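Colleague: Model the following, please.
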Amino acid sequence: MSIAKAGIITTLNARTSILAAANPINSKYDAKLPITKNIDLPPTLISRFDLLYLIVDRVDESADRRLAQHLVDLYTEDAPETGGEDILPAEVLSAYITYARSRINPEITEAAGKELTAAYVALRGMGGSDPRAREHRITATTRQLESMIRLSEAHARMRLSKLVEVEDVREANRLLREAIRASATDPTTGLIDLDLINTGAGQQQRKLRGDMRREILALLEGSSGRSGVKWVDAVKQLGEQSSITIDASEFTDVVRALETEGIVKIVGDRERRVIRKVSAE
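Modeller: Numbers count the residues shown, from 1 in each chain. Presented below is the predicted three-dimensional model:
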């Protein structure tokens with residue numbers, strides 16, 4: 001991690017594990033949006049996690065009945081039914097974890113290394129291919145390979161094994177695949193696209209942004225003089241020209257990107273905002 005203190009900027013080696021949970025914005029998960037938009041975390045942060053799982057409240061009579069019964073038991077029994085029994089006391093489990101983390105440093109066997117390579121290649125082709133697409137969807141990067149290595153080592157460490165075996169790699173691969181399916185499936189296409197996590201925008205979304213960019217520039221070209229186009233009028237005209245609903249946040253992102261590139265300039269604020277094309281003079 002990087003630390004800036006008293007005029008000194010340095011980087012320290014911080015080895016730690018983070019288990020985090022986040023509620024969706026507006027208190028409800030929107031299946032039409034990628035995970036980065038649902039929990040309002042930047043892609044640069046969320047892409048650092050090895051595993052991302054979604055816990056979505058779906059209607060399931062059996063699961064709903066078990067949950068309701070458990071909550072009722074909390075109020076009617078001194079010791080509610082837990083559905084199982086403790087295998088290890090808490091203090092023994094704590095000592096077990098401490099011993100495994102401090103004493104066990106497993107090495108990857110040759111067979112496990114080959115399995116890691118094969119699993120990574122398979123992950124890269126997990127989303128299939130579309131010959132009509134001008135760009136390939138990303139279904140895995142070397143970051144996922146590093147995640148798989150860490151998970152394989154953790155699984156071997158959990159077994160108190162000094163070697164990472166093929167079974168450890170297979171379990172790590174299974175966990176990673178399920179996480180990718182849950183968190184990196186493009187809601188507009190139903191296909192896996194890891195850029196939804198890495199950049200916050202999938203292939204389909206990037207295409208829509210490209211189309212919107214061209215339409216905005218066309219509107220500005222058609223505007224008279226240097227008066228530009230009012231923000232609200234631009235949104236309205238784009239909505240009338242397209243069969244797809246114009247998302248306000250997407251429109252803002254595209255215009256802000258054009259402004260960053262020095263192509264347009266935004267003057268005024270709120271309802272009075274005007275988009276003007278920057279003169280080439």
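Colleague: Okay, helices next: where are they in the chain?
Modeller: Remark: helices of the chain, listed N- to C-terminal, are 35-39, 43-46, 61-76, 90-103, 110-124, 142-158, 166-183, 195-198, 203-222, 231-241, 248-260; assignment by DSSP state H.
Colleague: Which parts of the third one count as buried, going by neighbours?
Modeller: In this case it means helix 61-76. Across helix 61-76, burial judged by 16 or more other Cβ atoms under 10 Å covers no residue at all. To be clear about C-beta, it is placed using only N, CA and C from the backbone, and glycine gets the same treatment.
Colleague: and that helix, C-alpha only, in PDB?
Modeller: Backbone C-alpha positions of helix 61-76 (Å, rounded to 0.1, in the frame of the first residue of the first chain) are rendered in PDB as follows:
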ATOM      1  CA  GLU A  61     -40.600 -20.900  -1.300                       C
ATOM      2  CA  SER A  62     -38.300 -23.500   0.300                       C
ATOM      3  CA  ALA A  63     -35.500 -21.000   1.100                       C
ATOM      4  CA  ASP A  64     -38.100 -18.400   2.300                       C
ATOM      5  CA  ARG A  65     -39.700 -21.000   4.700                       C
ATOM      6  CA  ARG A  66     -36.300 -22.000   6.200                       C
ATOM      7  CA  LEU A  67     -35.300 -18.400   6.700                       C
ATOM      8  CA  ALA A  68     -38.700 -17.500   8.300                       C
ATOM      9  CA  GLN A  69     -38.500 -20.500  10.600                       C
ATOM     10  CA  HIS A  70     -35.000 -19.600  11.700                       C
ATOM     11  CA  LEU A  71     -36.000 -16.000  12.500                       C
ATOM     12  CA  VAL A  72     -39.100 -17.200  14.400                       C
ATOM     13  CA  ASP A  73     -37.000 -19.600  16.400                       C
ATOM     14  CA  LEU A  74     -34.700 -16.800  17.500                       C
ATOM     15  CA  TYR A  75     -37.700 -15.400  19.400                       C
ATOM     16  CA  THR A  76     -39.200 -18.600  20.600                       C
END
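Colleague: helices and strands around it, which ones?
Modeller: With contacts defined as 3 or more Cβ pairs under 8 Å, 6 or more residues apart in numbering; DSSP states H and E, helix 61-76 has no packing partner among the helices and strands.
Colleague: Thought Val274 was touching Leu220, still the case?
Modeller: No - counting by Cβ atoms under 8 Å, Leu220 stays clear of Val274, with 10.6 Å between them.
Colleague: ok so, going back, tell me which of the helices of the chain sits most buried.
Modeller: helix 195-198 (a mean of 22; mean count of other Cβ atoms under 10 Å).
Colleague: What is that helix packed up against?
Modeller: Using 3+ Cβ pairs under 8 Å, 6+ apart as the contact criterion, the elements in contact with helix 195-198 are helix 35-39, helix 43-46.
Colleague: For the spatially closest residue to Val264 that is not a sequence neighbour, give me its contacts.
Modeller: Of all residues not flanking Val264 in the chain, Leu258 sits nearest, at 4.5 Å (Cβ to Cβ, 6 or more residues apart in numbering). Going by Cβ atoms under 8 Å, 6 or more residues apart in numbering, Leu258 touches 213, 216-217, 264.
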